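1. A structural model of the following input is requested.
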Amino acid sequence: MQREVEVEPGVTLWVEDLPAHQPAADGLPVLLVADGDTSGLGWPDELVERLRAGHRVLRYDHRDTGRSTAAFEDHPYGIADLATDAVTVLDACEVPRAHAVGTGTGGMLVQLLLLDAPERLASAVLLCTAALDADRSGLPGPSREVRRMWQERHDPRDEAGELTWRVEYRRRLHGAAGGFDAAWSTELERREMAHTGRTEPPTAHAEAHLDGLDRADELAGVTVPTLVVEGPEDPVYPAPHAAHLAERIGPAARAVAVEGMGHVFGPALVGTLTWLLAEHWVRAARAAYPTQL
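-> Modelled structure (predicted):
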């Protein structure tokens, strides 16, 4: 089911609420929080369908992406506001607690949920992301190729040129696992453009302010079971970002690396990621109800 959720006057988010095919033992939904400047369709349908085998799945378009309201120029906001939006999505869908999965900037938003709304999370999965540190001087930054492509986002392109650019960008973000599937990536980007109804790439999140994100010192207080997933070939948050994040969180976190994974992934890794998520959710349930499982 698709719905619109108002997060503030005049600003609505597109939300897709998909029922489980057969509810899992814990009966908890999964909230998918996409990367910055990425709509909910950034979560591959293949992964969503795998997760629906046992869980209700919620995915949504951030502000200024997909079918959600695009109003950054008139009503600027900060990245931290997107975390508040995620809670509003849970409220609108009448979900008291969920397993939250965030990738990239979405992983940072889930960290904010761990700090500000832990009662809403049964577990957290942080994919290809970094800790809420304002100072990352001791950690490697994005690759030169990725930074160059970021500078090209505003370059004028026709629809065919934009599609070509997006696929090439995905190639730069992709790891070696399974090889890069250009045809699959082209179809994903074509669907994204059709979903959004425009060809220019979303860029509002790159311009949003970062106030309220320097909170890494608070992560040590996290008690919600958290899985930190590293893409060893991630050109945006390369190693040791994942290890640093897991260390910041402490005993509640467990870090794993998925061989050949980059900052984005294709169908070749859907099975591996599904298994990792399912295992983590079982661990979380056992921690919460040790005498029942």
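
2. So what does the nearest residue to His241 once chain neighbours are set aside look like in phi/psi?
-> With sequence-adjacent residues excluded and distances taken as C-beta to C-beta, 6 or more residues apart in numbering, His241 is closest to Ala130, at 4.7 Å. For glycine as for every other residue, the C-beta is placed from the backbone atoms N, C-alpha and C. Phi and psi for Ala130, reported as degrees, to the nearest 10, are phi -130, psi 160.

3. Repeat that for His99.
-> Note on His99: backbone dihedrals following degrees, to the nearest 10 are phi -90, psi 120.

4. cool, Glu192 as well?
-> phi -60, psi -40.

5. Just the pLDDT for it.
-> You'll see Glu192 listed with a pLDDT of 95.

6. Quick check: the nearest residue to it once chain neighbours are set aside vs Leu18, distance?
-> Excluding the flanking residues, the one nearest Glu192 by C-beta to C-beta, 6+ apart is Leu41, at 5.2 Å. Relative to Leu18, Leu41 is positioned 13 Å away (C-beta to C-beta, to the nearest Å).

7. State the distance from the residue nearest to Glu192 to Arg67.
-> For Leu41, the distance to Arg67 - C-beta to C-beta - is 10 Å.

8. Give me the more crowded residue out of Leu41 and Leu18.
-> Comparing Leu41 with Leu18 by other C-beta atoms under 10 Å, the one with more neighbours is Leu41, at 24 against 18.

9. Could I get the contacting residues of that one?
-> Residues in contact with Leu41 (C-beta atoms under 8 Å, 6 or more residues apart in numbering) are Arg59, Asp61, Gly66, Leu188, Arg191, Glu192, His195.

10. got those as a markdown table, with secondary structure columns?
-> Below are the contacts of Leu41 laid out as a markdown table (DSSP: H, G, I helix; E, B strand; the rest coil):
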| residue | secondary structure |
| --- | --- |
| Arg59 | strand |
| Asp61 | coil |
| Gly66 | coil |
| Leu188 | helix |
| Arg191 | helix |
| Glu192 | helix |
| His195 | helix |
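
11. Buried among those residues? Need that as a selection in PyMOL.
-> Applying 16 or more other C-beta atoms under 10 Å to the contacts of Leu41, the buried members can be selected in PyMOL as follows:
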select buried, resi 59+61+66+188+192
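
12. quick one on the thing from earlier: touching both of Leu41 and Leu18, which residues are there?
-> Arg59.

13. In the stretch 1-150 of the chain, where is pLDDT below threshold?
-> By pLDDT under 70, the stretch 1-150 of the chain has no low-scoring segment.

14. Do you have the strands of it handy? List them.
-> 2-8, 11-18, 30-33, 57-60, 98-103, 121-127 (DSSP state E, counting those that start in this stretch).

15. hmm, back to that, now for the contacts of Leu41, which pair is the farthest apart?
-> The distance between the two most remote of these (C-beta to C-beta) is 15.0 Å, for Asp61 and Leu188.

16. Which member of the contacts of Leu41 is positioned nearest Ala122?
-> Arg59 (17.5 Å).

17. buried ones in the top helix by length along the chain?
-> Counting residues, the longest helix found in the chain (DSSP state H) is helix 270-288. For helix 270-288, a neighbour-count test (16+ other C-beta under 10 Å) marks Val270, Thr272, Leu273, Thr274, Leu276, Leu277, Ala278, His280, Trp281, Ala284, Ala285 as buried.
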